[in-house]
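J.: Sequence and computational prediction follow.
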Amino acid sequence: MITFAEVTKRYPDGTVAVDQLSLDIPAGKITVFVGPSGCGKTTTLRMINRMVEPSSGTIRLDGEEIGKSDPPTLRRRIGYVIQHGGLFPHRTVVDNVATVPYLLGWDRRKARGRAMELLELVGLPASFARRYPYQLSGGQQQRVGVARALAADPPVMLMDEPFSAVDPVVRKSLQEELIRLQAELHKTIVFVTHDIDEAIRLGDQVCVLKVGGRIGQYDTPANLLAAPADEFVAQFLGEDRGLRRLAFLGSDGLSLATDRIVTAGTAPAGLDWALVVDSDRRPAGWSNAGDPDLLPCARTFTVGVDSLRSALDSAVLNPSGLAIGVDGDGRAVGLADQSQITERLRTPVAGQ
Ligand SMILES: Nc1ncnc2c1ncn2[C@@H]1O[C@H](COP(=O)(O)OP(=O)(O)OP(=O)(O)O)[C@@H](O)[C@H]1O
């Protein structure tokens, strides 16, 4: 756990970048700092590895005051990833990844062996090991940056806007990769971004900072979306925060109707839409008013696994306007309309 207690950073020119910041960053989770440009995100992050020293207050890592630790020793426990990966241009990929093991005095063979394992872990082929950074795409460089930060297996990772220099598609795949890695590695990750969507996607908890380095709100993404603390946080979350909450609500409590699920040839003419299923109850198509010519089914959602957002997507994409709930084997369980799905948004959040 990382603890900030009344930490202030005032730069020599008088700028107060962080003002009396107190918060706990839990171990093994992803904590995201997000906020407008200049709100003190990078300053906050860099105080953790002592690249920036606080003007007052204390920061502790697992109870130990970091101001009393020797910076190189401290940094061995803290991986650091920045935009563009921050790679050494004159070193090959494998040597970039092995930087910290070399510094730790590992022999070359062991350090390179570890680097090769890490390249595989971040999804890069072994053939990239001998390339130089300029021979990689932005997204690939970023993966090398993550591998390098993981090389000495530090319990803490600081990530400063690591994915902001890549296009949205690559960015999404890097985010997914990070979530996958984290499920395996359980690092204490402190992640800085100015992108609220990225914060909400990645964070177990999100700290929204205001300019001047004060906390707007520190909470789980679901609680932020459900109950922003003030107008600033609400504005920062964006106008569609209501809909985005659906991604955090499970589809298990949704009541599903089965009366419109029929087998081939039995769709009653009295019903506007019926879902025709095969003998295994797998969706075969939609029948409108008993029409035997079926319209294709669009996406389905897996009940209890997918979120209400997936359910809403299913409802919007299917010609009937109904979402198709299926079980883990793809068999139709029931149907729900859009208003049933969005009704949960009106349910107050526990504790609010
Ligand atoms: N070395 C410095 N000297 C003086 N002021 C600084 C210094 N570094 C940062 N600042 C100021 O401190 C404030 C916070 O900067 P910081 O880089 O922490 O913000 P940020 O939220 O990470 O911004 P961005 O999203 O634009 O990177 C800003 O007003 C910035 O101009």
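T.: Nice, I can see it. Predicted model only: the values in this text are computed from it and were never measured.
J.: Which residues are in contact with Q142?
T.: Residues in contact with Q142 (C-beta atoms under 8 Å, 6 or more residues apart in numbering) are V81, H84, G85, P162, F163, A165, V166, L174. All C-beta spots, glycine's among them, are computed from the backbone N, C-alpha and C.
J.: now it: how far from the ligand?
T.: 17 Å (C-beta to the nearest ligand atom, to the nearest Å).
J.: what helix or strand does that residue sit in?
T.: Assigning secondary structure by DSSP states H and E places Q142 in helix 138-150.
J.: and the helix or strand following that helix, what other elements does it pack with?
T.: Following helix 138-150 in sequence order, the next helix or strand is strand 156-160 (DSSP H and E). Where contact means 3 or more C-beta pairs under 8 Å, 6 or more residues apart in numbering; DSSP states H and E, strand 156-160 is packed against helix 41-48, strand 78-82, helix 138-150, strand 188-193.
J.: Describe which strands the shortest one pairs with in its sheet and in which direction.
T.: Strand pairing for strand 78-82, using DSSP bridges, gives strand 156-160 (parallel).
J.: for the record, mean pLDDT for the partner strand?
T.: Confidence over strand 156-160, taken as the mean pLDDT, stands at 93.
J.: hmm, back to that, got the angle for the helix holding Q142 vs strand 156-160?
T.: 150 degrees (axes from the mean of the first three to the mean of the last three C-alpha atoms, to 10 degrees).
J.: ok, which stretches of the stretch 251-352 of the chain are helices?
T.: 308-317, 338-343 (DSSP state H, counting those that start in this stretch).
J.: looking at these, which is buried most?
T.: Neighbour counts (mean count of other C-beta atoms under 10 Å) averaged over each of these peak at helix 308-317, with a mean of 21.
J.: pLDDT (mean, whole number) over that helix?
T.: 95.
J.: that older thread, I'd like the helices and strands packed on strand 156-160 as CSV, with mean pLDDT appended.
T.: Shown next, in CSV, are those (pLDDT from 0 to 100):
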stretch, mean pLDDT
helix 41-48, 95
strand 78-82, 88
helix 138-150, 88
strand 188-193, 96
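J.: quick one: V233 and L224 touch, right?
T.: Yes - V233 is within contact range of L224, at 6.9 Å (criterion: C-beta atoms under 8 Å).
J.: Quickly list what's touching both of those two.
T.: V208, Q217.
J.: Which one's more surrounded, these two?
T.: L224 (30 against 21; other C-beta atoms under 10 Å).
J.: give me the element that one is part of.
T.: Assigned by DSSP H and E, L224 belongs to helix 221-226.
J.: list the helices and strands that helix packs on?
T.: Packing partners of helix 221-226 (3+ C-beta pairs under 8 Å, 6+ apart): helix 196-202, strand 205-210, helix 231-237, helix 241-244.
J.: Does the ligand have contacts with stretch 154-168?
T.: No - Stretch 154-168 lies out of reach of the ligand by C-beta under 6 Å from any ligand atom, never closer than 6.9 Å.
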